[in-house]
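[1] Next input, structure requested:
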Amino acid sequence: MSISPKYIEVVFNTPVSGSFTYLTTDSESGNESTDNSIVGSRVIAPFGKRSLTGFVISESYDKPDEKFKIKAITRVIDKKSLFGKAEIDLALWVSSMYFCSLGEALSSMLPGGRRDSRTPVFDTEGPVSIVPRTLSEEQIAAVNAITTSGRKLLYLYGITGSGKTEVFLQSAEKVISSGGSVIYLVPEISLTHQLTAQVRSRFEDRVAVLHSALTPSQRLVEWQRIRSGDAVFIIGARSAVFAPAVNLGLIIIDEEHEGSYKSGRAPRYHARQVAMKRASLVSARLVMGSATPSVEAYQLMEEGRIQRLNLTRRLSGGGVPVNRIIDMKGSTGPLSRELIEEMKITHNQGKQTILFLNRRGFSYFFHCRSCGWDMECKHCSVSMTYHKDRNRMVCHYCGAVSLPVTVCPSCNSMDVGYSGFGTELVEDEVKKFFPNLRVERIDSDSVKKKGSLAKTLKDFHDRKIDILLGTQMVAKGLNFPGVRLVGIILADSGLHLPDFRAGERTFSLITQVSGRAGRYTPDGLVLIQTFDPGNPAISMAAVNKQEEYYRNEIRKRRMLGFPPFSRLFRLVFRGINEKRVIDYAERVYISLDQWNLERVEILGPAECPIKKISRNYRYQILIRTNNFNAAHDAVDHLKKIASASDVYMEIDVDPVSLL
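    Just a heads-up that it's a prediction; the model follows:
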């Protein structure tokens, strides 16, 4: 019996567009599907002088009309296909929308791993707090709207502690009981121990989790469980939006406002945008939720394009905390007298404190007090941060490390030292004032050891810690009864960045951090330390004037023509030779300008706010448009014709950061 050759089309995780034809046979595929199809599987194939892993997107027994010799694949990796037509179609859309190759899109969707191994559905370390399932009238109305209304796009807009998670989970139960599956996206999987306990109590072994803490092989196991229909509740961070859920009925995006839903590397997709597309392709419902919606989402609610569902009160016995602004002008240390006093009162009442500062390290710049010289990274145009526990200067952009200097290299003065403060310095100060209290810090420096974050959170839940200090890790996902006081050390730390979303992020962060206080008792207190107490992002967050803040912000965005009243494309050019980068950026600008596009404004080229990262000079062009398709076509055409061997061009559609 002769074996028929099979011709397959393969794409690779490279920027090269198009597919490549290879040869295989049914007998060597090793695929377990009844029709011996290997579409949706990974293969090892020769690619130039290398062997690469590729993805099979089609196959045929008909020999293609090719003049060159068709090479055979080396082997098939997967016994079962990892994706089907629906996933390929979604990857094609991602490829087109975000200017990447189909192989790059599929690679971002699929887990790694070459062998199967079992893994627990959930790592259940950390505090467990199962919320009672009795719903309020507002929650009942929200569940009914999500599961029975004809609207496909909904938003659960609820204050912190109002029971959004319970609405999401009960909606998911109804969808699953009717034969559907659910994807639940969270901004960070590392702080969802409480959520995962609730999920497992409801859905048991029908849950799959996708996150970076799993090994590639474990992720692959979860992926196959989803694809087979064994797992119908999928929880994970950004990339879980691509999970091959069978009969997808509902997508949930928790904390929709979070910037972590936007990918920082190719393909630079936004999970919210992908979720909207995917929901429309399969007629699933998409429900987003937050106490602080993005301005874009808020405007869509105002326009009626997204149905708004309100949760207006806390359900655990707590009230909205009292917020007080503390003006830090003239202060020399990170802790105000008021904050120190309230920390004493909180401890005397047997309760706990959370301190928030969105800046790790000991101090955030090291300089000469005589001439003003600032110790910058040699590879990046940013100040290095002093880490006292290591006695090292560290660049938080490229990771470069050096010793602090004792003599100024500019004027030879010995009057050098650090200024500003990070979480390490605040930790030292807290321990100085409260030597007998149990203080712990959680930031990306302190939780590198596996399991340390879960242990710290469990200890805080069990009241073995009096004061918990940290960066954004303490701003979300924490729901502990013992917390009375939240201190925001420096509310305006990110307020003056050259980014039109800086105010929105500050407002959201203050509101979210404040929501950790008094969730179970009516005496919650939030102290907001700032050098800019009159800024609307701070003053309105302090008095819970959310609607007023959003109206003001939307009015400014409309006047300035920023999203949601326009769409942005950001082209970033980077390379070692600054002149070559500038020349290339200017050539691109000229090419774009020649299109004479209507309702399109081209800004630049100009230095990026952070001009240099990892020895690469960075310049950017911003395209602001109310004619998205025309601008997209122009950039797509430009990408195909523009090239420079020593300058790389990043294309970011709908960027969330302009730094």
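[2] From here on, just use CA atoms for contacts and neighbour counts.
    Fine.
[3] which is the next helix or strand following the host helix or strand of Arg219?
    For Arg219, the element it lies in under DSSP states H and E is helix 216-228. Sequence-wise, the next helix or strand downstream of helix 216-228 (DSSP H and E) is strand 233-236.
[4] export that following strand as PDB, just CAs?
    Taking C-alpha atoms only, strand 233-236 is exported to PDB below (Å, rounded to 0.1, in the frame of the first residue of the first chain):
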ATOM      1  CA  PHE A 233     -14.400  27.700  33.300                       C
ATOM      2  CA  ILE A 234     -11.100  29.300  32.100                       C
ATOM      3  CA  ILE A 235      -9.300  31.800  34.300                       C
ATOM      4  CA  GLY A 236      -6.100  33.600  33.500                       C
END
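[5] Now do the buried residues in the helix or strand just after it.
    Next in sequence after strand 233-236, counting helices and strands by DSSP H and E, comes strand 248-254. Buried positions in strand 248-254, judged by neighbour count with 16 or more other CA atoms under 10 Å: Leu248, Gly249, Leu250, Ile251, Ile252, Ile253, Asp254.
[6] got the contact list for the first one?
    By CA atoms under 8 Å, 6 or more residues apart in numbering, the contact list for Leu248 reads Gly180, Ser181, Val182, Ile183, Val282, Ala284.
[7] How about the spatially most central residue of the chain, nearest residue that isn't a chain neighbour?
    In the chain, the centroid-proximal residue (CA atoms, centre = their mean) is Ser260; its distance is 1.1 Å. Leaving aside its chain neighbours, Ser260 sits nearest to Pro187 (5.9 Å; criterion: CA to CA, 6 or more residues apart in numbering).
[8] Can you report phi and psi for the one you found?
    Backbone torsions of Pro187, given as degrees, to the nearest 10, read phi -70, psi -30.
[9] Wait, it touches Lys262, no?
    No. Using CA atoms under 8 Å, Pro187 makes no contact with Lys262, being 9.8 Å away.
[10] Make sure I have this right: Ala197 is in a helix.
    Yes. Ala197 forms part of a helix when assessed by DSSP: H, G, I helix; E, B strand; the rest coil.
[11] any idea which of the contacts of Leu248 is least confident?
    Among the contacts of Leu248, Val282 carries the lowest pLDDT, at 92.
[12] burial count for that residue?
    12 (other CA atoms under 10 Å).
[13] now it, nearest residue through space, not along the chain?
    Closest to Val282 by CA to CA, 6+ apart is Leu248, at 7.2 Å.
[14] measure Thr312 to Leu156 for me?
    From Thr312 across to Leu156, the span is 11 Å (CA to CA, to the nearest Å).
[15] that's a helix at Asp499, yeah?
    No. Read with three-state DSSP, Asp499 is coil and lies in no helix.
[16] Wait, it touches Leu658, no?
    Yes. In this structure Asp499 lies within contact range of Leu658 using CA under 8 Å: 5.7 Å.
[17] I'd like the buried residues of strand 248-254 written out as CSV, with pLDDT added.
    Formatted as CSV, the buried residues of strand 248-254 follow (pLDDT from 0 to 100):
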residue, pLDDT
Leu248, 97
Gly249, 96
Leu250, 97
Ile251, 98
Ile252, 98
Ile253, 97
Asp254, 94
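[18] Between those residues, which sits nearest Glu601?
    Ile253 (32.1 Å; CA to CA).
[19] Could I get the contacting residues of the closest one?
    With CA under 8 Å, 6+ apart, Ile253 has these contacts: Tyr184, Leu185, Val186, Arg272, Leu286, Val287, Met288, Gly289.
[20] domain parsing for the chain?
    Here the domain parsing of the chain from automatic domain parsing is 5-109, 137-311, 322-361+421-557, 567-653.
[21] what about the longest one, how long is it end to end?
    For domain 322-361+421-557, the first and last residues are 30 Å from each other (CA to CA).
[22] And stretch 281-295, what's buried?
    Ala284, Arg285, Leu286, Val287, Met288, Gly289, Ser290, Ala291, Thr292, Pro293, Ser294, Val295.
[23] CSV for those residues, including secondary structure and distance to Ile226?
    Below are the buried residues of stretch 281-295 laid out as CSV (DSSP: H, G, I helix; E, B strand; the rest coil; distance: CA to CA, whole Å):
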residue, secondary structure, distance to Ile226
Ala284, coil, 17
Arg285, strand, 19
Leu286, strand, 19
Val287, strand, 21
Met288, strand, 22
Gly289, strand, 24
Ser290, strand, 27
Ala291, coil, 30
Thr292, coil, 31
Pro293, coil, 30
Ser294, coil, 30
Val295, helix, 33
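[24] In CSV, list the residues you listed along with distance to Val647.
    Putting these into CSV (distance: CA to CA, whole Å) gives the following:
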residue, distance to Val647
Ala284, 42
Arg285, 42
Leu286, 40
Val287, 41
Met288, 39
Gly289, 40
Ser290, 40
Ala291, 42
Thr292, 39
Pro293, 37
Ser294, 34
Val295, 34
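[25] okay, who's weakest in those by pLDDT?
    Ala291 (91).
[26] ok so, going back, CA atoms only for the helix holding Arg219, dumped as PDB, please.
    What follows is helix 216-228 as a C-alpha-only set of coordinates in PDB (Å, rounded to 0.1, in the frame of the first residue of the first chain):
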ATOM      1  CA  PRO A 216       5.100  25.300  29.500                       C
ATOM      2  CA  SER A 217       4.100  21.600  29.800                       C
ATOM      3  CA  GLN A 218       1.500  22.300  32.500                       C
ATOM      4  CA  ARG A 219       0.000  25.100  30.400                       C
ATOM      5  CA  LEU A 220      -0.200  22.700  27.500                       C
ATOM      6  CA  VAL A 221      -2.200  20.200  29.600                       C
ATOM      7  CA  GLU A 222      -4.600  23.000  30.600                       C
ATOM      8  CA  TRP A 223      -4.900  24.100  27.000                       C
ATOM      9  CA  GLN A 224      -5.900  20.500  25.900                       C
ATOM     10  CA  ARG A 225      -8.400  20.200  28.700                       C
ATOM     11  CA  ILE A 226     -10.000  23.400  27.500                       C
ATOM     12  CA  ARG A 227     -10.000  22.300  23.800                       C
ATOM     13  CA  SER A 228     -11.500  18.900  24.700                       C
END
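[27] Quick one: mean pLDDT over that helix.
    Computed over helix 216-228, the average pLDDT equals 90.
[28] Adjust the sequence numbering to begin at 417 for everything that follows.
    Yep, numbering from 417; the last one is helix 632-644 now.
[29] in it, what counts as buried?
    With burial defined by 16+ other CA under 10 Å, the residues of helix 632-644 counted as buried are Pro632, Ser633, Gln634, Arg635, Leu636, Val637, Glu638, Trp639, Gln640, Arg641, Ile642, Arg643.
[30] Among these, pick out the one closest to Met830, please.
    Using CA to CA, Pro632 is the member of those that lies nearest Met830, at 51.0 Å.
[31] returning to what we had before: dump the buried residues of strand 664-670 to JSON lines, plus distance to His812.
    Formatted as JSON lines, the buried residues of strand 664-670 follow (distance: CA to CA, whole Å):
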{"residue": "Leu664", "distance to His812": "40"}
{"residue": "Gly665", "distance to His812": "41"}
{"residue": "Leu666", "distance to His812": "38"}
{"residue": "Ile667", "distance to His812": "34"}
{"residue": "Ile668", "distance to His812": "32"}
{"residue": "Ile669", "distance to His812": "29"}
{"residue": "Asp670", "distance to His812": "28"}
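[32] Which of those residues sits closest to Lys483?
    Once CA to CA is applied, the member of the buried residues of strand 664-670 that ends up nearest Lys483 is Leu664, at 43.4 Å.
[33] bridging residues for the closest one?
    Here Leu664 sits in beta bridges with Ser597, going by DSSP bridges.
[34] gap between it and Asp505?
    According to CA to CA, Leu664 and Asp505 sit 15 Å apart.
[35] try Asn807
    Asn807 is 52 Å from Asp505, by CA to CA.
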